[in-house]
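Student: pasting a predicted model and its sequence here:
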Amino acid sequence: MTTDLESRIRQLEDRDLISERVIKYAMAVDRADWEMFADCFTDPVHADYSENGMPAADFARDDLVGIVREALGCYTATQHLSTNHVIEFDENDSDRALCYSYMYAQHYREGAEGGFFLLRGSYTNHMLRTSDGWRIESLTQHVSWSDGE
């Protein structure tokens, strides 16, 4: 049986692990570390980038990795920032949570007119605790505005 203190400590640890997983999503993209990127997700994963032109769908994890890798392959450098994480745990299932996060994405293409594509918005990440830790089971990207290319 878990005491209230044990539950609270576990939830604090889970918040940290969930936030770290969402941050690794952004870091992996910028490092082109596709193994780290894949490790952020369940398999399959639901991804909704429809506000940025890619319809929502369920993907095999490796297929999603390939799509994102190809979409970003034309840039010389990128910087994706993941901030303002708000995490809500499912009251009925301690292995599920939502992580709302802001995003600021900069994409630089050397030699291109203007050179930059900037994207601002947020994500809704549906998180699932797996035997390998917290993973993104479903994500929705919300675009607030973009500029460039």
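Tutor: Done, it's in.
Student: for the residue lying closest to Ala60 once chain neighbours are set aside, give me its contacts.
Tutor: Excluding its sequence neighbours, the residue lying closest to Ala60 (C-beta to C-beta, 6 or more residues apart in numbering) is Pro44, at 5.6 Å. C-betas here are computed from N, CA, C, even on glycine. Contacts for Pro44 (C-beta atoms under 8 Å, 6 or more residues apart in numbering) come out as 58-61.
Student: so Pro44, which state does it fall into?
Tutor: Three-state call for Pro44 (DSSP: H, G, I helix; E, B strand; the rest coil): strand.
Student: confidence score at it?
Tutor: At Pro44, the pLDDT value in this model is 98.
Student: what of Met1?
Tutor: At Met1, the pLDDT recorded in the model is 45.
Student: same deal with Glu149?
Tutor: For Glu149, pLDDT reads 75.
Student: that one is in contact with Phe116, isn't it?
Tutor: Yes. If you go by C-beta atoms under 8 Å, Glu149 and Phe116 touch, sitting 7.5 Å apart.
Student: shared neighbours, those two?
Tutor: 107, 109.
Student: can you report phi and psi for Arg69?
Tutor: Taking degrees, to the nearest 10, you get phi -60, psi -50 for the backbone angles of Arg69.
Student: can you pull the pLDDT of it?
Tutor: Arg69 is given a pLDDT of 98.
Student: repeat that for Ile136.
Tutor: 98.
Student: so which elements touch the longest helix that the chain contains?
Tutor: If you go by DSSP state H, the chain has its longest helix at helix 4-31. Applying 3 or more C-beta pairs under 8 Å, 6 or more residues apart in numbering; DSSP states H and E, we find helix 4-31 packed against helix 34-38, strand 77-89, strand 96-108, strand 116-130, strand 133-148.
Student: who does the fourth one pair up with?
Tutor: Using DSSP bridges, strand 116-130 pairs in its sheet with strand 96-108 (antiparallel), strand 133-148 (antiparallel).
Student: quick check: angle from the first one to strand 77-89?
Tutor: To tie it back to what came earlier, the one meant is strand 96-108. Here strand 96-108 runs at an angle of 160 degrees relative to strand 77-89 (axes from the mean of the first three to the mean of the last three C-alpha atoms, to 10 degrees).
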